[in-house]
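# Dropping a prediction and its sequence here:
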Amino acid sequence: MIDNETLARCIAADLFEQPDDQDVGTIATRLADKRNGMFADEYQSQAARTLIAGPDAEYSPADIMLVWNALGLTGEAGEVADLIKKAVFHRHPFDREALIKELGDVLWYVAALCTKLEVTLSDVMERNIAKLQARYPDGYSSTASQTRKD
């Protein structure tokens, strides 16, 4: 099988009067993408078939605030995860104070969602413990996790 660079040079010579390294590089990249299954642009075009042009419904201010707070929660949870990832995998110093601050931001968004849903944080906590007790009556174990009933 001919390698991508050689094939790219042949194609570039057919397409351009004076192909340069950028032309060859672009063609080689596209060939590599295609050999891996699909051109990126082809994927984008196919994926766009399921993209809507705009909202297909009217959203109330309450709906918008739920989404706003849910996105805020995921953003803050991502910051928590990133701090831990960097400490564990990148070997950065563990910054406990920064983690506590980010956990506070996570908690703020959980409380905000509870407020918007008109449910108390205590009720959410009680329901979570009841769910965990039903799921793991004898406490957590890997075996219990594999055989749990939701």
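Nice, I can see it.
# what secondary structure does P19 sit in?
coil (DSSP: H, G, I helix; E, B strand; the rest coil).
# quick one, phi/psi of it?
Note on P19: backbone dihedrals following degrees, to the nearest 10 are phi -60, psi 140.
# which residues in this structure form helices?
4-15, 21-35, 40-47, 61-88, 96-116, 121-135, 142-147 (DSSP state H).
# want to throw those into a markdown table with distance to P55 and mean neighbour count?
The way it works is simple: take the backbone N, C-alpha and C, and place the C-beta from them, glycine included. Below are the helices of the chain laid out as a markdown table (distance: least, C-beta to C-beta, whole Å; neighbours: other C-beta atoms under 10 Å):
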| stretch | distance to P55 | mean neighbour count |
| --- | --- | --- |
| helix 4-15 | 43 | 15 |
| helix 21-35 | 33 | 15 |
| helix 40-47 | 19 | 11 |
| helix 61-88 | 10 | 14 |
| helix 96-116 | 20 | 15 |
| helix 121-135 | 29 | 11 |
| helix 142-147 | 39 | 9 |
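# Isn't V106 up against A77?
Yes: counting by C-beta atoms under 8 Å, A77 is a contact partner of V106 at 5.6 Å.
# if I look at those two, which residues touch both of them?
Common neighbours of V106 and A77 (criterion: C-beta atoms under 8 Å, 6 or more residues apart in numbering): none identified.
# if we can go back for a sec, now for the helices of the chain, which one comes closest to G54?
helix 61-88 (14.9 Å; C-beta to C-beta).
# so the closest one versus helix 96-116, what angle?
Interaxial angle, helix 61-88 versus helix 96-116 (axes from the mean of the first three to the mean of the last three C-alpha atoms, to 10 degrees): 160 degrees.
# Show me what helix 61-88 is packed against.
helix 96-116 (3 or more C-beta pairs under 8 Å, 6 or more residues apart in numbering; DSSP states H and E).
# tell me what the helix it packs on is packed against?
helix 61-88, helix 121-135.
# Relative to A81, how far out is the residue lying closest to Y109 once chain neighbours are set aside?
Spatial nearest neighbour of Y109, excluding adjacent residues (C-beta to C-beta, 6 or more residues apart in numbering): L73 at 3.8 Å. Computed as C-beta to C-beta, to the nearest Å, the L73 to A81 distance reads 12 Å.
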